[in-house]
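> Give me a model of this one.
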Amino acid sequence: RAKFPEALSIFVRTNRYYKNHQLLNNALSQKHLMFGLMKLYVDEHIAFSQKFAPRYYIAKIIRGVWSIFAFRQQFKELSLTMTSSADRTFLKFLNTIITDSLYLLESSSKILISIHDFEKKVHLNQFNSPRERVVAEQSLDTQRLKGFLLCETEILNMIATLSRSYPEPFINSIMIDRVATILNYLLGILVGKKNHMLIVKTPQRYNFKPKMLMMLVVSIYLNFSHSNPDAF
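As a prediction, this is how the structure comes out:
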């Protein structure tokens, strides 16, 4: 189940041919794919440690099919029943992608700070032995950082894409306080007083693109402010 989004993403690539693929032009796909992806995104049966790989590909797929009207319409129709439907998948999906954006960036920032501190110690020659340095370097969890930041960028991209067309579900009375709080927190991480602690020598090595992340958060703000200037 967790591998399905990765396999499906093969058919949804950013090129001029994918729109004509029979999988995406299929009537059943255009009616049910968006809901199915949301359902899979919030699937509680996937272990926490395995959640973010499929979520990365789901975000990628949703962005990939967004230019096709049928899928945008599917999202809009689901959004209109988010509070009245007995099935709370759509509402849960919105809550989860917003929560993921916070968890991934917050977790990544902690690892980046560790790398920053490590590089500072190397620069000041503060390790007592080569072995101590190697042990410290091996504890940095850089592989998890790469995956988290790749996923964070894709999820923020997806939120920006969705909210550009349909900001209303994100800023209704149920969601608006949570969304605003988390966006403020994300900005605080990226441009706050401690952002200098996120500076590392080779950010691209870890998929860390702070300017892009900041631009995505700001674009999401702008999407909401255009729809509801008083709230944002």
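> residue contacts, the residue nearest the centre of the chain?
Nearest residue to the geometric centre of the chain (CA atoms, centre = their mean): I155, 2.0 Å. Applying CB atoms under 8 Å, 6 or more residues apart in numbering to I155 gives the contacts R55, Y56, A59, I97, D100, S101, L104. (Glycine included, C-beta is placed from N, CA and C.)
> what separates it from I97, distance-wise?
6 Å (CB to CB, to the nearest Å).
> which other helices and strands contact the longest helix belonging to the chain?
Ranked by number of residues, the top helix in the chain under DSSP state H is helix 89-123. Identification of packing neighbours for helix 89-123 by 3 or more CB pairs under 8 Å, 6 or more residues apart in numbering; DSSP states H and E yields helix 27-41, helix 52-65, helix 130-138, helix 142-165, helix 176-191.
> Can you list the buried residues in that helix?
For helix 89-123, the neighbour count (16 or more other CB atoms under 10 Å) marks 89-98, 100-105, 107-109, 111-112, 114-116, 118-119 as buried.
> Also stretch 128-143?
By neighbour count with 16+ other CB under 10 Å, stretch 128-143 contains the buried residues R133, L140, T142.
> CA atoms only for it - export them in PDB, please.
Output of stretch 128-143 as PDB, limited to C-alpha atoms (Å, rounded to 0.1, in the frame of the first residue of the first chain):
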ATOM      1  CA  ASN A 128      39.800  16.000  21.100                       C
ATOM      2  CA  SER A 129      40.500  13.200  18.600                       C
ATOM      3  CA  PRO A 130      39.600  12.100  15.100                       C
ATOM      4  CA  ARG A 131      37.500   9.300  16.600                       C
ATOM      5  CA  GLU A 132      35.400  11.800  18.600                       C
ATOM      6  CA  ARG A 133      34.800  13.800  15.400                       C
ATOM      7  CA  VAL A 134      33.800  10.700  13.400                       C
ATOM      8  CA  VAL A 135      31.400   9.600  16.200                       C
ATOM      9  CA  ALA A 136      29.800  13.100  16.200                       C
ATOM     10  CA  GLU A 137      29.500  13.200  12.500                       C
ATOM     11  CA  GLN A 138      27.800   9.800  12.300                       C
ATOM     12  CA  SER A 139      25.200  10.900  14.900                       C
ATOM     13  CA  LEU A 140      23.900  13.800  12.700                       C
ATOM     14  CA  ASP A 141      21.100  11.800  11.000                       C
ATOM     15  CA  THR A 142      21.700  13.500   7.600                       C
ATOM     16  CA  GLN A 143      19.800  10.800   5.600                       C
END
